Each structure stands twice: as structure tokens, then as C-alpha cells.
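K.L.:
next come a sequence and a model predicted from it.
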Amino acid sequence: MAHTRKHGYAILKDVETLSEGKVQLSNGTLYGALTRLQDQGLIARVDSDEPENTGRPRKAYRLTQDGLHVLNAEIGRLQNLVDTARLHLAEEGT
Amino acid sequence: MNASANLIQQVYVHALKLYPRAFREEYAEELCTVFNLVTERAAQTGVLGLVKVAFRELRDLPFAIIAAYVRERRRMQMQNRLDRWFTHEPGSWQEILLAALPFLLLMGFPGILTVFSLDKIIPAVIGLGLLGLIVVILATLGIIGLFVELPRWALPYAGMPLALVAFVFMFALGMRTLFFGDSGAPWALRMSGFLAIFLIVVLGLTLLCVWLSKLLPLTRPFYERVKADWSLLSFTMYGGALVFIAGMYEDIVGAGWHLLLTLIPLVLGIWVYLRETRMSRRLWTLVLSVTAAMGIALAANLQLMDWVSPTALQIGPLALNRAVLSVILTWLTCETMILAPLLLRFTTPPRRPILAES
């Protein structure tokens, strides 16, 4: 969703693929999260890019500018955590 | 498609009814589409895959529903007083009353005044003041309707100014002189031409407003609703028809009972339109209501006109005078206004069938 708009089904499949099948979201959970993120202004619900008559949802979701900032901040935070953990491991090993 | 998948999808459609109404209106179609795609993919892996999907959904559904209700509650709390007063359940008496108010005020009020002969007692200045007050009330309600995202009750309020603006636009372009000046052309032809151009202008203005509503965040929900249900524009035009129907009584005196009688089919039309779910029935209700109202207006014209209307059209032995022909042409104009938005249905693609995953 960071670079392109995605409909609900594509997001479900992405989550499944990225987690190597470990996380399989239900519709209820997915849309609970999507509405919450919308309310927070982190994603926006827009018309889908999908061509007509594909059976795909007509609405899609894309990251907003605020969402992009939060995503970058979260990546930075996790990167710091990983770096700190690695540093501790290296110190303990020496 | 797999019968088990089909069954699960049907159950899911019913389960969605447990969500709050506002959430359902916004997301139900999308949730169904996604769920159908998920179940159809799972069906390819066998019954076990389907059972897993059903179980997962069933497990999370209560939490999702509770979360949706909490969200709705929060949103309701954030909504202002306007929404609480002017946003009502579809088909509720409040919605019907608000939609019928322009009809009640513009036809019922002068009707009652005439029936009780109050129009002869009340000085002209007070009469004009009361008319001004009605206009202010209707304009205020129309603006409020705009601020609460143009719900269905507000649509006739939009139809009235659309018709009036179309008339003003035509008069500004000199159409009145063009059609009703000393052109020498038959009156019937001039009147038909005038109304045909009016139709083009009013429908053009309506489409312009729909397009503009797409651009503004305040009216964007209205645009989305119109895309899904073109009959909303017919209901808007129903308000425009009121301008014509009220205009039918312009030249006649003492038509109080006729005005009140005209209200019955018009308000009945609103009642059925707002309560009926099938689009075809809603449209036919509006068509029949306007026809009945015009029939009463025609009777009033024939019974109460105090001047002899000249013959406007001779079809064999049948001689139609201007008053009768005017009502017929106005009736045709109103019905075309109401039915024209139906044509827009064919410009939008049909709803997608739920397909298997490609």
C-alpha cells in the first residue's frame, strides 16, 4: 500500500504472503483495521484501479502522507531496535 | 461454484446484518466481494479450507461487530446537533415529513387560506410576509440538508431551485420573448419548444450539480449514493415538478380544495418513494403521483378559470384550449424530468457479478 492502492482482497493476500502463511486475517479483522487506520487519517479509501467486471472490490486503500510519515517512523523505530539488539549480542559475544 | 462455498457466502451476507447500519451501507458490498473471493480460493483446496475460512470469520466476527459499534458510537458523539435533528432512518416519519414540507407549505398553506376564505381577510402585505417566511424556512432547510450530506429528504428542496434557476437562465437569455413574443408561430409549437429547452437546461444543470458534488467533500457521499441509485435524481426532479404544479394554479381563483386535493397524491408519492426499496416501484410512484396531481390541476383549470381560454390545438374534431394543452404539456415535461435520470443508468456499467478469483 506504500506505493500503490490496494483493495481488501489484495491486502489479505499480501499479509498472508509476507507472513509466509502464518497470518491469515479474517474479513472482520481486516476491515476493523482498515476503518481504524482511516479514522486516524493514515490511509484513504479511494476508487479501485481494477478494470470493470473483474469481480474485485470497487474500493481500494492507499497510504496518505501522514501514513507514509508514520510508516517511515515505525521502520526507523524497528531498525533501531534491531540495531540495538545486534549490538548487545555482539557485546555479549566478545 | 462449490455449493458449500455458496452456502457460507449466503450465511455471511446475513451475518453482515449484525453490523451497524452506517457501517453496512459503506462496507457491506466490499466485505461480500472480498469474502466471496476468499471462500472461492479456499474452495479450491477442499472442504477443510472452507471450514477454516468459516471458522476464522466466525471467531473474529463478534469482535469486529463490537468494534464497528464502538466506532459508530464515537462518530455519532462527534456529530453535531444538526445531524441528530436532520438525519433519520430511511422511511421514518421524520424523513417523510421533512421531504413533504415544501409541498405542505407551498400548496397546503395557500389551500387552507383559500378554503377558509382567509386570503380575503389577510392584508396583502401580511400575505407576502408569510410567503417570504415560507421561502426562508425552505431555503434554511435546504442549506441544512446540504450540510448533512444531502440526505433523501433534502432532494426535493434541491429540485425546486434547479427548476427556478433553469427558468431564470432561460429568461435571461431572452427565451421568453423568443417563444412568446410576436413570432406568429402557433402557440402550441412555441409552448412545446419552450418546455423542451427548459428540459435540456434543467437536466443539464442537474448533471452539472452531480458532477460538482463529486468534487466537494461535503457532497461527495451524495455523489456516491446517486451513482448507486439514479432514482435519487428523479426524486430531486419531483421537487422541480412542484414548481410546475403550483404554477398551474397561478391564474385561477378559489382553488383551495383543489390545492389540498393535489397534496394527497404528491405526499403519498413521497411516502411510498421513501419507504419502497425497489427502484422501479419508486419511479412509477413518482410518475403516478405527478399524473394524479396534474389531473386535479386540470380539473381546477377547467372548472374555475374565469376567462375563456382560446383554442391552441385542433386535432380533427378535438379542440384543445390553451389551459388544457398547457396542463398536458406541463405534465409531459414533469414526467420527462422524473424519468430522464433513469437513462443515466445505462451510462454506468452494470454491477459486477461475484466472480471466482482470476
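P.N.:
All right, it came through fine. This structure is a prediction, so every number in the text was calculated from the model and none was measured. Residues are numbered from 1 along each chain as shown, chains lettered A, B, ... in the order given.

K.L.:
tell me which parts of chain A are close to chain B?
P.N.:
Counting by Cβ under 8 Å from any Cβ of the partner chain, chain A comes close to chain B at A:7-9, A:12, A:24, A:26-32, A:35-36, A:39, A:52-59. To be clear about C-beta, it is placed using only N, CA and C from the backbone, and glycine gets the same treatment.

K.L.:
buried ones only from those, please, as a ChimeraX command.
P.N.:
Selection command for ChimeraX covering only the buried members of the residues of chain A next to chain B, criterion 16 or more other Cβ atoms under 10 Å in any protein chain shown:
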select /A:7,8,9,12,24,26,27,28,29,30,31,32,35,55,56,57,59
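
K.L.:
any idea where the strands of chain A begin and end?
P.N.:
Counting by DSSP state E, chain A has these strands, from start to end: A:43-47, A:59-63.

K.L.:
mind checking how far the last one is from the chain centre?
P.N.:
Read it as strand A:59-63. 11 Å (Cα atoms, centre = their mean, to the nearest Å).

K.L.:
so which of the strands of chain A is the most packed in?
P.N.:
With neighbours taken as mean count of other Cβ atoms under 10 Å in any protein chain shown, those reach their highest mean count in strand A:59-63, at a mean of 20.

K.L.:
could I get the strands of chain A as a markdown table with mean pLDDT?
P.N.:
Shown next, in a markdown table, are the strands of chain A (pLDDT from 0 to 100):
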| stretch | mean pLDDT |
| --- | --- |
| strand A:43-47 | 85 |
| strand A:59-63 | 87 |
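
K.L.:
for B:Val253, which of these is the nearest?
P.N.:
Proximity to B:Val253, assessed across the strands of chain A by Cβ to Cβ, is greatest for strand A:43-47 (55.2 Å).

K.L.:
got the angle between that closest one and strand A:59-63?
P.N.:
140 degrees (axes from the mean of the first three to the mean of the last three Cα atoms, to 10 degrees).

K.L.:
buried residues in stretch B:136-149?
P.N.:
Residues of stretch B:136-149 classed as buried by neighbour count (16+ other Cβ under 10 Å): B:Leu138, B:Leu141, B:Gly142, B:Ile144, B:Gly145, B:Leu146, B:Val148, B:Glu149.

K.L.:
again, but for stretch B:90-99
P.N.:
B:Glu95, B:Ile96, B:Leu98, B:Ala99.

K.L.:
between those residues, which sits nearest chain A?
P.N.:
Among the buried residues of stretch B:90-99, B:Glu95 lies closest to chain A (Cβ to the nearest Cβ), at 26.1 Å.

K.L.:
show me what contacts the closest one?
P.N.:
B:His88, B:Glu89, B:Pro151, B:Arg152, B:Trp153, B:Leu274 (Cβ atoms under 8 Å, 6 or more residues apart in numbering or on different chains).

K.L.:
what does the lowest-mean-pLDDT helix or strand in chain A rub up against?
P.N.:
Here the helix or strand of chain A ranked lowest by mean pLDDT, DSSP states H and E is strand A:43-47, holding a mean of 85. Strand A:43-47 is contacted from outside by A:1, A:5, A:34, A:37-38, A:58-64, A:67, using Cβ under 8 Å, 6+ apart.

K.L.:
ok, the residues you listed vs B:Glu250, which is closest?
P.N.:
Nearest to B:Glu250 among those, with distances taken as Cβ to Cβ, is A:Arg58, at 47.2 Å.

K.L.:
the closest one touches A:Ser48, doesn't it?
P.N.:
Yes. Applying Cβ atoms under 8 Å, one finds A:Arg58 in contact with A:Ser48, separated by 5.3 Å.

K.L.:
what sits in contact with each of the two?
P.N.:
By Cβ under 8 Å, 6+ apart, no residue touches both A:Arg58 and A:Ser48.

K.L.:
related to what we said a few turns ago, identify the farthest-apart pair in the buried residues of stretch B:90-99.
P.N.:
Farthest apart among these by Cβ to Cβ are B:Ile96 and B:Leu98. That separation is 7.5 Å.

K.L.:
so where's chain A shaky on pLDDT?
P.N.:
Across chain A, residues meeting the criterion (pLDDT under 70) sit at A:1-2, A:50-55, A:94.

K.L.:
which stretches of the stretch 1-150 of chain B have low pLDDT?
P.N.:
Low-confidence segments of the stretch 1-150 of chain B (pLDDT under 70): B:1, B:77-82.

K.L.:
ok, B:Glu335 - contacts?
P.N.:
B:Glu335 makes contact with B:Val287, B:Val290, B:Thr291, according to Cβ under 8 Å, 6+ apart.

K.L.:
so which of those wins on neighbours?
P.N.:
B:Val290 (25 neighbours; other Cβ atoms under 10 Å in any protein chain shown).

K.L.:
dihedrals phi and psi, A:Pro57?
P.N.:
phi -60, psi 150 (degrees, to the nearest 10).

K.L.:
once you drop chain neighbours, what's closest to it?
P.N.:
Distances taken as Cβ to Cβ, 6 or more residues apart in numbering or on different chains put A:His7 closest to A:Pro57, at 4.1 Å, once the chain neighbours are dropped.

K.L.:
isn't that neighbour right up against A:Tyr31?
P.N.:
No. The pair A:His7 and A:Tyr31 fails to qualify as a contact (Cβ under 8 Å) at a distance of 11.7 Å.

K.L.:
quickly list what's touching both of those two.
P.N.:
Counting by Cβ under 8 Å, 6+ apart, the contacts common to A:His7 and A:Tyr31 are B:Glu30.

K.L.:
next, the buried residues of the helix or strand where B:Ile296 lies.
P.N.:
Secondary structure from DSSP states H and E places B:Ile296 in helix B:279-304. Using 16+ other Cβ under 10 Å as the test for burial, helix B:279-304 gives B:282-287, B:289-290, B:292-294, B:296-298, B:300-301.
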